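J.: Predicted structure and sequence below. I'll ask about it afterward.
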Amino acid sequence: MSKVIVCDPIDQAGIDILTQVASVDVKTGLQPGELIEIIGEYDALMIRSGTRVTQEIIEAGTQLKIIGRAGVGVDNVDVPAATRRGIVVVNSPEGNTIAAAEHALAMILSLSRHIPDANASVKRGEWDRKTFVGAEVYKKTLGVVGLGKIGSHVATVAKAMGMKLLAYDPFISTERAEQLGCQLVDMDLLIQQADYITLHIPKTPETTHLINATTLAKMKPTARIINCARGGIIDESALAAAIKEGRIKGAALDVFESEPLGESELRSLGKEIILTPHLGASTTEAQVNVAIDVAEQIRDVLLGLPARSAVNIPGLGPDVLEELKPYMQLAETLGKLVGQLAGGRVESLNVRLQGELATNKSQPLVVASLKGLLYQALRERVNYVNASIEAKERGIRVIETRDASARDYAGSLRLEATGTLGTHSVTGALLGEKEIHLTDVDGFPINVPPSKYMLFTLHRDMPGIIGKLGSLLGSFNVNIASMQVGRKIVRGDAVMALSIDDPLPEGIVTEIIKVPGIRDAYTVTL
Ligand SMILES: NC(=O)C1=CN([C@@H]2O[C@H](COP(=O)(O)OP(=O)(O)OC[C@H]3O[C@@H](n4cnc5c(N)ncnc54)[C@H](O)[C@@H]3O)[C@@H](O)[C@H]2O)C=CC1
Ligand SMILES: O=C(O)C(=O)COP(=O)(O)O
């Protein structure tokens with residue numbers, strides 16, 4: 001019989017499902033070393049946000065087939081390490097949406113009416129009606145940062161309370177925002193105009209310290225900020241300083257840079273700040289939803305069936321998967337690349353199956369392309385199951401074309417993305433049935449394998465330009481692993497594709513496009 005270990009508190013409804021197919025050990029509060037010692041016995045691991053599933057734990061889990069996160073965020077799981085070991089990671093993308101949204105709304109109202117401190121005061125035996133005079137949310141402006149599942153529900157309820165809604169989400173269409181009664185604006189305007197700012201975005205390198213001393217300085221002195229998304233999106237010391245100095249009115253935080261929250265100056269602030277211990281998903285209903293959702297997936301995978309919300313492996317039949325896997329990897333890589341070249345919000349994606357590929361089943365490749373395209377916006381939340389729906393909700397038009405006559409490679413895939421910042425295209429093929437090669441960028445022929453960090457330039461093909469770029473990168477201590485130029489005619493326009501050993505430093509693109517002859521540069525992480 002299979003063995004499952006449950007390392008965080010999970011609703012009994014989930015345990016009951018697991019026991020249908022496995023023996024279940026519930027062991028909460030284990031130290032990392034203790035988990036490493038015993039994980040080798042188990043086929044499945046079920047967790048919430050309390051357990052950090054590191055590479056060491058994954059490597060010690062020699063029998064592990066699946067890691068189930070009973071919730072949304074998988075930032076506490078080393079997903080690449082699990083993928084490398086062939087372990088499926090599943091989550092519950094929607095089970096706690098309402099719970100998290102209602103917690104954010106409760107925070108907005110609690111902040112406005114000082115409910116936690118007024119309650120504590122009455123319980124101390126006081127009757128103080130002066131200190132706790134509040135503010136109404138009616139007709140105030142709420143800025144929603146991240147108009148995904150949770151942000152959308154917050155917006156819907158806030159609208160009903162008579163709030164005016166601004167939203168910032170570079171991956172959402174104006175139509176979708178309008179449907180929710182939100183005016184889509186840029187982050188700067190939202191920060192400056194909102195009376196309340198609520199964050200509903202994943203924590204990514206781009207969103208880390210999105211709220212910092214500079215952004216806090218732009219807020220109204222009466223503004224309040226709410227974070228029920230992820231710790232680290234707000235710079236906690238900058239926030240504490242802004243509140244202490246009366247530069248903003250208040251904040252409500254459910255999530256922290258380090259959890260459990262240790263010694264922190266946030267604790268010493270008064271009624272201007274409300275702190276809860278990561279309770280967003282902690283409702284009876286959400287805990288039943290996520291426990292059932294994830295336990296069912298663990299059960300299915302242990303029975304050899306596909307998972308419906310795998311964040312790292314497609315929810316397709318094993319036979320289709322086996323055959324298409326290398327092409328799906330190609331599609332996902334091209335999706336990631338074209339999404340980053342296009343930048344901004346993509347409005348349409350043209351997926352062109354060429355050569356032998358034109359006779360293949362296209363759906364999985366389209367889904368894999370969309371998964372890659374949406375990765376920038378959604379990170380691990382986008383999977384093979386939800387990629388199409390997520391694209392539709394973002395108003396991305398998907399066009400499929402086939403060209404059996406294209407003969408450059410046996411089978412190749414071309415993606416063309418058109419967005420708010422223009423159109424870009426990439427083509428790729430498989431060499432030796434497995435090895436991905438990029439064969440064309442923006443109509444310029446190249447032949448390079450993709451690497452994790454890349455730099456693309458669009459430039460004039462003229463003497464000296466490669467040397468200048470090389471020296472510039474050298475002055476930033478950037479090591480070039482490989483470089484190739486693609487051009488259509490001599491001394492015309494050209495594309496340069498460089499593989500780089502490490503992430504490119506911030507601000508480097510600005511310097512690169514100062515090199516005479518270089519028109520554009522794009523840094524890409526694949
Ligand atoms: N406090 C808690 O207990 C809970 C916290 N969460 C967290 O809430 C957050 C939102 O979750 P969902 O709404 O389910 O996710 P979602 O994936 O449905 O929505 C996230 C939205 O953020 C947008 N986005 C991505 N990068 C952005 C950027 N740089 N700037 C602006 N927008 C950006 C995306 O386009 C997307 O629309 C996640 O961080 C999740 O982990 C979720 C459940 C419970
Ligand atoms: O689902 C999420 O992303 C959450 O943050 C909820 O975390 P939890 O399951 O309550 O530890």
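T.: Nice, I can see it. Ligands and ions are numbered 1, 2, ... in the order given.

J.: residues in contact with the host helix or strand of residue 368?
T.: Per DSSP states H and E: residue 368 is located in helix 363-378. If you take CB atoms under 8 Å, 6 or more residues apart in numbering as the criterion, helix 363-378 is touched by 148, 170-171, 202, 314, 316, 320, 324, 327-329, 331-340, 346, 349, 351, 353, 357, 382-384, 387-388, 390-391, 394, 396, 398, 400, 413, 415, 417. For the C-beta atoms, the positions are set from N, CA and C on the backbone; glycine is no exception.

J.: So which of those residues belong to strands?
T.: Using DSSP state E, the subset of these located in strands is 346, 349, 351, 353, 398, 400, 413, 415, 417.

J.: could those be laid out in CSV, adding distance to ligand 2, neighbour count and pLDDT?
T.: Formatted as CSV, the ones in strands among the contacts of helix 363-378 follow (distance: CB to the nearest ligand atom, whole Å; neighbours: other CB atoms under 10 Å; pLDDT from 0 to 100):
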residue, distance to ligand 2, neighbour count, pLDDT
346, 25, 29, 95
349, 28, 25, 97
351, 31, 25, 96
353, 36, 25, 93
398, 28, 16, 95
400, 34, 14, 93
413, 33, 29, 95
415, 30, 28, 98
417, 29, 28, 97
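
J.: And those residues, which two are furthest apart?
T.: The distance between the two most remote of these (CB to CB) is 19.3 Å, for 346 and 353.

J.: what distance separates the start and the end of stretch 395-409?
T.: With CA to CA, to the nearest Å as the measure, the first residue of stretch 395-409 is 32 Å from its last.

J.: Around ligand 2, which positions in this protein sit nearby?
T.: Taking CB under 6 Å from any ligand atom as the criterion, the chain approaches ligand 2 at residues 48-50, 70-73, 96, 278, 280-282.

J.: can you rerun that using 5 Å?
T.: Taking CB under 5 Å from any ligand atom as the contact definition, the chain meets ligand 2 at 48-49, 71-73, 281.

J.: Highest neighbour count among these?
T.: When neighbours are taken as other CB atoms under 10 Å, the top entry among these is residue 71 (27 neighbours).

J.: quick one: it and residue 290 touch, right?
T.: Yes. Counting by CB atoms under 8 Å, residue 71 touches residue 290, with 5.4 Å between them.

J.: that older thread, now do the buried residues in the helix holding residue 368.
T.: 364-378 (16 or more other CB atoms under 10 Å).

J.: what's the answer for stretch 6-13, then?
T.: Result for stretch 6-13 [16+ other CB under 10 Å]: buried residues 6-8, 10-11.

J.: Which residue, other than its chain neighbours, is closest to residue 391?
T.: Counting by CB to CB, 6 or more residues apart in numbering, residue 391 lies nearest to residue 370, which is 4.7 Å off, once chain neighbours are set aside.

J.: and the gap between the one you found and residue 204?
T.: Applying CB to CB, to the nearest Å, the value for residue 370 to residue 204 is 18 Å.

J.: Enumerate every residue touching whichever residue of the stretch 401-526 of the chain sits closest to ligand 2.
T.: At 23.0 Å from ligand 2, residue 525 is the closest residue in the stretch 401-526 of the chain, using CB to the nearest ligand atom. Neighbouring residues of residue 525 by CB under 8 Å, 6+ apart: 336, 340, 452-454, 503.

J.: how about 6 Å then?
T.: Contacts for residue 525 (CB atoms under 6 Å, 6 or more residues apart in numbering) come out as residue 453.

J.: which one of the buried residues of helix 363-378 sits closest to residue 515?
T.: Residue 515 has its nearest neighbour among these in residue 376, at 26.3 Å by CB to CB.

J.: Please determine how far the residue in the stretch 1-150 of the chain positioned nearest to ligand 1 is located from residue 97.
T.: Going by CB to the nearest ligand atom, ligand 1 is nearest to residue 148 of the stretch 1-150 of the chain, at 1.7 Å. Using CB to CB, residue 148 is found at 9 Å from residue 97.

J.: okay, those two: which has more neighbours?
T.: residue 148 (24 against 21).

J.: Mind checking what secondary structure residue 154 has?
T.: Using DSSP: H, G, I helix; E, B strand; the rest coil, the secondary structure recorded for residue 154 is helix.

J.: helix, strand or coil for the closest residue to residue 58 other than its chain neighbours?
T.: Closest residue to residue 58 apart from its sequence neighbours, by CB to CB, 6+ apart: residue 81 at 4.6 Å. Following three-state DSSP, the label given to residue 81 is helix.

J.: Can you check the pLDDT for residue 81?
T.: Among the per-residue scores, residue 81 holds a pLDDT of 85.

J.: Equivalent analysis for residue 431, please.
T.: 88.

J.: That one bridge partners, please.
T.: Per DSSP bridges, the residues bridged to residue 431 are residue 435.

J.: The residue of the stretch 1-150 of the chain found nearest ligand 2: what secondary structure?
T.: Relative to ligand 2, the nearest point of the stretch 1-150 of the chain is residue 71 (2.6 Å; CB to the nearest ligand atom). For residue 71, the assignment made with three-state DSSP gives coil.

J.: is it true that it touches residue 282?
T.: No. Residue 71 lies out of contact with residue 282 (CB atoms under 6 Å); the separation is 10.1 Å.

J.: Show me where the stretch 151-300 of the chain dips below the pLDDT cut-off.
T.: Across the stretch 151-300 of the chain, nothing is flagged by pLDDT under 70.

J.: Tell me who's in contact with the residue of it found nearest ligand 1.
T.: Of all residues in the stretch 151-300 of the chain, residue 280 sits closest to ligand 1, at 2.5 Å by CB to the nearest ligand atom. Residues near residue 280 by CB under 6 Å, 6+ apart: 100, 103, 228, 254.

J.: For the last one, give me its contacts.
T.: Taking CB under 6 Å, 6+ apart as the definition of contact, the neighbours of residue 254 are 228, 276, 278-280.

J.: Quick check: end-to-end length of stretch 396-411?
T.: Stretch 396-411 end-to-end distance (CA to CA) = 25 Å.
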